[in-house]
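Asks: Provided below are the primary sequence and the corresponding predicted coordinates.
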Amino acid sequence: TDITSGATLAFTYAAEGGTPTDLGKTFPAENTSFEATASVDGLDTSVVYTFQAVIRDASGATLFESEVVRVKPAISLNATLVGQWDGRSSYADVWGYSAPDGTEYALVALQSFGLSIIDISASPIAEVGFIPTQNGADDSKDVKVVGTHAYLVNETGPIQIIDLADPSNPEQVGLLDVQVGTNNGGSHNLSVDSGMLYVTGGRQSGNAGVRIYSTTNPAAPTLVGEYKPNHFTQPYYHDFYIDGTLGYGPNIYGGGVDILDLSNPASPQRMSTFTYPGSGAHNVCGTTDGRYMFVGDEIGSSGQWTRIF
């Protein structure tokens, strides 16, 4: 449809059978591509709603109507908020930790500050411990746990190894340089499986694939193997998912997701790659039966969606 000057794009919604209401309006530039989004809160989860995009000219006459989408809202099914904590800022990621005495904690990676240890069984929920980032490393991104040790990933520095045997008195017991000799070398993410650390991301002048470490000595993990992708135009695994002896690495700058054979951690091998047009894969996760893989897209050109393979 040719869009004339003064035309508007409106997203409309209504309880099924009711009168449509505009969510908002966008004034497209004449004959120019554009994007528009809208959102609505407070919908009744027992009601079916219809949604549609409508382009109208300056007089209000309809130029174009999209297909009608029917939606029944389903938000936080069977979930109840029992508490919250917002004692710091710059939150990056979160992981759970069960202490030796059975107390449950949330470990919150603070991008600019370090790691907060939150007692989620307390009332009110409270921070009981804190570890600051290493000097000069100010981009904490993720945290995982093996036993009583937490591993805090930083984009611009080594992984901080933190003993959580006493969560109210956390102790940094080591550092793991995952990109030795790389200026500002660090990592973006890590996964854990069977006592192994799978470290991904980091500066592309180092290893932009996956590095595998044994935690036989949890305070001093040792590198046992790595895989460096060289078949992408711009390689960079942004996440990593392990399913038995298979590993899935999404390449965020296009090209899709690699499937690696991890049966020999000392020498991971690429088995295949699956992709989709305009991919910009941010993260992957599979179902426990191994049948399906969910891929979250961040910077692709075909929509930042969750795709199921």
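Replies: Yep, that arrived. Residues are numbered from 1 along each chain as shown.

Asks: so residue 198 is in contact with residue 214, correct?
Replies: No: assessed by CB atoms under 8 Å, residue 198 is found out of contact with residue 214, at 11.3 Å. Just so you know, the C-beta spots here come from the backbone N, C-alpha and C atoms, and that holds for glycine as well.

Asks: between those two, which one's more packed in?
Replies: Per other CB atoms under 10 Å, whichever of residue 198 and residue 214 has more neighbours is residue 198, with 27 against 16.

Asks: which other residues reach the lowest-mean-pLDDT helix or strand in the chain?
Replies: The weakest-scoring helix or strand in the chain, judged by mean pLDDT, DSSP states H and E, is strand 21-26 (a mean of 86). Contacts to strand 21-26, defined as CB atoms under 8 Å, 6 or more residues apart in numbering, come from residues 8-14, 34, 36, 38-40.

Asks: buried ones from those residues, can you make that a ChimeraX selection?
Replies: Buried residues among those (16 or more other CB atoms under 10 Å), as a ChimeraX selection:
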select :8,9,10,11,12,13,38
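
Asks: list the ones among the contacts of strand 21-26 that fall in strands.
Replies: Judged by DSSP state E, the subset of the contacts of strand 21-26 located in strands is 8-14.

Asks: got those as a markdown table, with pLDDT and distance to residue 124 columns?
Replies: Output for those, formatted as a markdown table (pLDDT from 0 to 100; distance: CB to CB, whole Å):
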| residue | pLDDT | distance to residue 124 |
| --- | --- | --- |
| 8 | 87 | 47 |
| 9 | 88 | 45 |
| 10 | 90 | 44 |
| 11 | 92 | 39 |
| 12 | 94 | 42 |
| 13 | 93 | 38 |
| 14 | 94 | 41 |
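
Asks: farthest-apart pair in the contacts of strand 21-26, please.
Replies: 14 and 34 (24.7 Å; CB to CB).

Asks: specify the residue positioned farthest from the middle of the protein.
Replies: residue 59 (44.2 Å; CA atoms, centre = their mean).

Asks: how close does it get to residue 6?
Replies: 9 Å (CB to CB, to the nearest Å).

Asks: related to what we said a few turns ago, closest one of the contacts of strand 21-26 to residue 238?
Replies: residue 39 (26.2 Å).

Asks: now do the contacts for the closest one.
Replies: Per CB under 8 Å, 6+ apart, neighbours of residue 39: residue 23.

Asks: would you mind measuring from it to residue 299?
Replies: From residue 39 over to residue 299 (counting by CB to CB), the distance is 21 Å.

Asks: equivalent analysis for residue 183, please.
Replies: Taken as CB to CB, the span from residue 183 to residue 299 is 24 Å.

Asks: now swap in residue 267 and tell me
Replies: 31 Å.

Asks: same question, residue 208
Replies: 15 Å.

Asks: neighbour-wise, which of these two wins?
Replies: residue 208 (25 against 14).

Asks: the more buried one is in contact with residue 202, isn't it?
Replies: Yes: Residue 208 lies in contact with residue 202 (CB under 8 Å); the separation is 6.9 Å.

Asks: show me the contact partners of stretch 291-304.
Replies: By CB under 8 Å, 6+ apart, stretch 291-304 touches 238, 241, 248, 250, 252-254, 257, 276-287, 305-309.

Asks: from residue 269, how far off is the closest residue to residue 137 other than its chain neighbours?
Replies: Residue nearest to residue 137 in three dimensions, not counting chain neighbours: residue 157, with 2.8 Å by CB to CB, 6 or more residues apart in numbering. Residue 157 is 30 Å from residue 269, where distance means CB to CB.
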